[in-house]
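Peer 1: this is the structure alone, sequence omitted:
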DNA sequence: TATGAATGAGTTTTCATTCAT
DNA sequence: TATGAATGAAAACTCATTCAT
């Protein structure tokens, strides 16, 4: 699922695993400790998730205030800690929660029967841009989450990141027709280079968006830029 | 100087500037406000720099405690602020200070008369690895610095990052013989893809190092891996 | 209510407003932001108010230490800020709180049906002295408050002072029989002179009390002194 | 010298002493402890006095920073403390220093042969206003000084204030022709009332100036207002 | 399940004063 | 006489977490 994670955050992923199509099965019971929260009616769940996401997205892990969250969500201090034990768990829960939403949505839309590598990537880029427009808050939060540096949560977060990418990579690459690639170079390396290229391209887009006046993303321009890369990569890596 | 910054931190750089070989001269007087500190005997300077770097590297900007720094450095509370005014200036000073050391060292070693792009990159990778071994703390701090997300320092830090990359790009690309590249594709895009590849490769190295047991970096393996990339890139992008 | 404010602090008041008998109704909801505090049982409220008042009265706004206050009140650091947000709000709250107590008490005692100006003033002086004896701490605090010079709170404090005097002036002057005053001089100026006289007299009393050994106020003497002023003023300003 | 102190600061003065024409002789050796400073060439003295005055006037005793003073004066930290021992002494020295300047100037200008009480007061008001225009910084500092509330310096300051007023009162009242006052009331009380009136009037002027937009003092208006008081007071207190 | 008052160690920063040079 | 680096206690304020109700 590199196209997803990459446009969101640009993590370096385990290409070896990816290409091999392997993945660790995600611990299904990860949400067990938040069972109380997940039993709430979904209106309240949403209110809480949105309030928490907003605060974390705006201020980052350290500076985010649980006081603000409960104020915004309209619940009491104690209740937040009743559901999530502590700030760290709350954060990690939210990362999972958002990621699950986004991934599920992505795979509903992507056509996994398209065998051409570049066509599939092109579609992924487009889906990604659509979703960015549709759920800007979630993406803002996830982007921050993957950049998050705070010492306290780093180890758990890194583990989570790896789990996520590992799980989804294989699925994305299913059914690709690798016979179109030139045979005189190492295919794994070629795939890595292509992946790297689109990851970095996405990072640039986010980076520019962040510092451009108005912070507006010009999607048409991105598609055009992506086409330039497709052109070079196809000419050089297909035979 | 992308190989340096990239191995350290993987920033997205302005390729247009890079390819044009332009660079803004760095403001020489940037250290004037830390004159008091720089007048100290170097033993004390080092003690302070190391203590501060250690704390920032371990905990990031927000969580790093000036209390811990002075305790570690064996100086008084007031003195730190006497030299650096406040936490933010202290941080930004340290970024500059480390960057200057690293860049100066890098350009002492790199051979800028080598006209072959890949040979020059290969040498840069090797120099980088040498330096990583020699000054692991500085690199750890700089890596964290470039990932740093803290709201308070972000604007200044981003400005600094761009200055740094802009200044050094041109120098690294001086005298490269571009005639060896194939003519049927856009050279700018090709150079971007190559740059992206080595940036991502470096990120992977750091990433693995961080989560490997013992955090040991196997440099022989990295060189070997880099050679695989050189092989593909040369075959596909040279004519 | 000039006799009150004046004995406490000697502010210069807007005689025009005073003579016109106008007054702005005081915003009743001013205490809303301290609702948490006001919901406490009164024993604790008193403990806190007294501790805070003592510290501010002794040291003035700037030098007063919130640390000392919580120590004296036997509450935690955080709690004080939970109730009052910050030092400034705490101070302004206390000014209001004390002022309200004092004013309410004063108007319970003063006879507003007495039409003779000097008789009413005479009673006010006596009431004032009674209250000074009964609540010395509150008066000490308010006196300091009205002299307070600290840059941070000055603007709000001055606004508060004016509000207070404006509101109460009219009430005190209601129903006075001005026909007894001589007609050949400007009545407004005459009333100002009388007001000034008792204000300054009160200032002198406080001033002497402060520097007399033992800080004892001799009320009998003050009454006697006041009578000397009444004698002169009546002879000169009544026809 | 009530007209002076009063326009500056409105202190309550010992009218009994004043009327009796008594005064404690000022301790001539008060400056002995600042002998080192007074031996400096006057250019340097002025530089220091002005820098210190500026900082105290702007920020009040507590918030004034000795760092700012030495920076502004262009001397070293140590030197300031060499001359003045500590902040408190520095402040008290400055109060004396300024007061001496102002009083000397005032008595150079006032005509002590004018026997009419109101004419002399009228002249004093005018001189005062002239001086306010000529030395605004000194007056600003002295005004702040007399309002100053900081616990640490209060006792010494109050003592100084009393000394000052006591010393100068007698001089101002020398040669007044008291026979013009009506004989049926206590003269001491009458003089007190008159003094109070001009003191309070001045306080009002300063007060209004402080909160008027632009903080400009309209001297013509003040003279006119003073004339209204003269009119009433003469009519009522002269026979 | 839900509340929100209470905690207290923690934070960065300031500043008068000292003292070796 | 003159310097300014060095001190360290003190300041206001924060905030995740607990716990009695």
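Peer 2: Structure's in. What do you need? Since we're looking at a predicted model, the values are computed, not measured.
Peer 1: C-alpha from now on. contacts and neighbour counts both.
Peer 2: Noted.
Peer 1: would you list the phi and psi of the residue nearest to residue A:115 when sequence neighbours are not counted?
Peer 2: What sits nearest to residue A:115 in space, not counting adjacent residues and going by Cα to Cα, 6 or more residues apart in numbering or on different chains, is residue A:176, at 4.5 Å. Torsion angles at residue A:176 (phi, psi; degrees, to the nearest 10) stand at phi -70, psi 140.
Peer 1: residues contacting residue A:176?
Peer 2: Residue A:176 makes contacts with A:114-117, as judged by Cα atoms under 8 Å, 6 or more residues apart in numbering or on different chains.
Peer 1: run a quick neighbour tally on residue A:183.
Peer 2: Residues lying near residue A:183 (other Cα atoms under 10 Å in any protein chain shown) number 12.
Peer 1: who touches stretch A:51-59?
Peer 2: With contact meaning Cα under 8 Å, 6+ apart, stretch A:51-59 is reached by A:64-65, A:68-70, A:72-73, A:94, A:137-138, A:140-142, A:144-145, B:151.
Peer 1: does that stretch reach DNA strand F?
Peer 2: No: if you take Cα under 7 Å from any atom of the strand as the test, stretch A:51-59 misses DNA strand F, and the best it gets is 9.8 Å.
Peer 1: hmm, back to that, so how do I select the buried members of the contacts of residue A:176 in PyMOL?
Peer 2: Selecting the buried subset of the contacts of residue A:176 in PyMOL, with 16 or more other Cα atoms under 10 Å in any protein chain shown as the burial test, is done by:
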select buried, chain A and resi 114+117
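Peer 1: if you look at the contacts of residue A:176, which of them are in helices?
Peer 2: Restricting the contacts of residue A:176 to those inside helices, with DSSP state H as the criterion, leaves residue A:117.
Peer 1: looking at the contacts of residue A:176, spot the one nearest chain B.
Peer 2: Within the contacts of residue A:176, distances to chain B taken as Cα to the nearest Cα reach their minimum at residue A:117, with 17.5 Å.
Peer 1: if I pick that closest one, what's in contact with it?
Peer 2: With contacts defined as Cα under 8 Å, 6+ apart, residue A:117 is in contact with A:176-178.
Peer 1: quick check on residue A:174: phi, psi?
Peer 2: phi -60, psi 130.
Peer 1: ok, it touching residue A:111?
Peer 2: No: with contact defined as Cα atoms under 8 Å, residue A:174 does not count as touching residue A:111 (10.8 Å).
Peer 1: before we move on, the earlier item: among the contacts of residue A:176, find me the one that's closest to DNA strand F.
Peer 2: The shortest approach to DNA strand F among the contacts of residue A:176 belongs to residue A:117, at 44.8 Å (Cα to the nearest atom of the strand).
Peer 1: now that closest one: how far from chain C?
Peer 2: In this view, residue A:117 and chain C are 59 Å apart by Cα to the nearest Cα, to the nearest Å.
Peer 1: ok, that residue to residue A:237 distance?
Peer 2: Distance of residue A:117 to residue A:237, computed by Cα to Cα, to the nearest Å: 11 Å.
Peer 1: same deal with residue A:100?
Peer 2: Counting by Cα to Cα, the gap from residue A:100 to residue A:237 is 33 Å.
Peer 1: between those two, point out the one with more neighbours.
Peer 2: residue A:237 (22 against 13).
Peer 1: neighbours around the closest residue to residue A:228 other than its chain neighbours, how many?
Peer 2: In space, and not counting its chain neighbours, residue A:228 is closest to residue B:189: 7.5 Å by Cα to Cα, 6+ apart. A count of nearby residues for residue B:189, using other Cα under 10 Å, gives 17.
Peer 1: what's the answer for residue A:201, then?
Peer 2: Applying other Cα under 10 Å, I find that residue A:201 has 23 neighbouring residues.
Peer 1: next, the contact list for it, please.
Peer 2: Contact criterion Cα under 8 Å, 6+ apart gives residue A:226 as the residues in contact with residue A:201.
Peer 1: repeat that for residue A:135.
Peer 2: Contacts for residue A:135 were tallied using Cα under 8 Å, 6+ apart; there are none.
Peer 1: quick one: it from chain D, how far?
Peer 2: 50 Å.
Peer 1: quick check on that residue: phi, psi?
Peer 2: Its backbone dihedrals place residue A:135 at phi -120, psi 70, with angles given as degrees, to the nearest 10.
Peer 1: low pLDDT regions in chain A?
Peer 2: Judged by pLDDT under 70, chain A has its weakly predicted residues at A:1-31, A:146-170, A:206-217.
Peer 1: where do the helices of it begin and end?
Peer 2: Defined through DSSP H, the helices belonging to chain A, from first to last, are A:2-8, A:15-20, A:35-38, A:42-63, A:66-73, A:77-84, A:87-109, A:117-134, A:136-147, A:154-173, A:187-211, A:219-237.
Peer 1: where does chain A come near DNA strand E, residue by residue?
Peer 2: Within chain A, the residues that sit near DNA strand E (Cα under 7 Å from any atom of the strand) are A:36, A:75-79, A:82-83.
Peer 1: one more time with 10 Å
Peer 2: Applying the criterion Cα under 10 Å from any atom of the strand, the portion of chain A that neighbours DNA strand E consists of A:34-41, A:44, A:67, A:70-71, A:73-83.
Peer 1: just the buried ones from those?
Peer 2: In those, burial by neighbour count holds for A:34, A:37, A:70, A:73, A:80, A:83, counting by 16+ other Cα under 10 Å.
Peer 1: measure the closest residue to DNA strand E within chain A to residue B:79 for me?
Peer 2: When distances are taken as Cα to the nearest atom of the strand, chain A approaches DNA strand E most closely through residue A:78, which lies 3.0 Å from it. The spacing between residue A:78 and residue B:79, counted by Cα to Cα, is 42 Å.
Peer 1: same question for residue A:38.
Peer 2: 52 Å.
Peer 1: before we move on, what about residue A:222?
Peer 2: Using Cα to Cα, residue A:222 is found at 50 Å from residue B:79.
Peer 1: and if you look at residue A:35?
Peer 2: Using Cα to Cα, which is the criterion applied here, residue A:35 is 51 Å from residue B:79.
Peer 1: same question, residue A:225
Peer 2: Counting by Cα to Cα, the gap from residue A:225 to residue B:79 is 52 Å.
Peer 1: in chain A, which residue sits closest to DNA strand F?
Peer 2: The shortest separation between chain A and DNA strand F is 3.3 Å, found at residue A:86 (distances taken as Cα to the nearest atom of the strand).
Peer 1: phi, psi for that residue please.
Peer 2: Residue A:86 adopts backbone torsions of phi -160, psi 180, taken as degrees, to the nearest 10.
Peer 1: list the contacts for the residue of chain A at minimum distance from chain C?
Peer 2: Nearest residue of chain A to chain C (Cα to the nearest Cα) works out as residue A:67 at 11.7 Å. Contacts were defined as Cα under 8 Å, 6+ apart; by that measure residue A:67 touches residue A:77.
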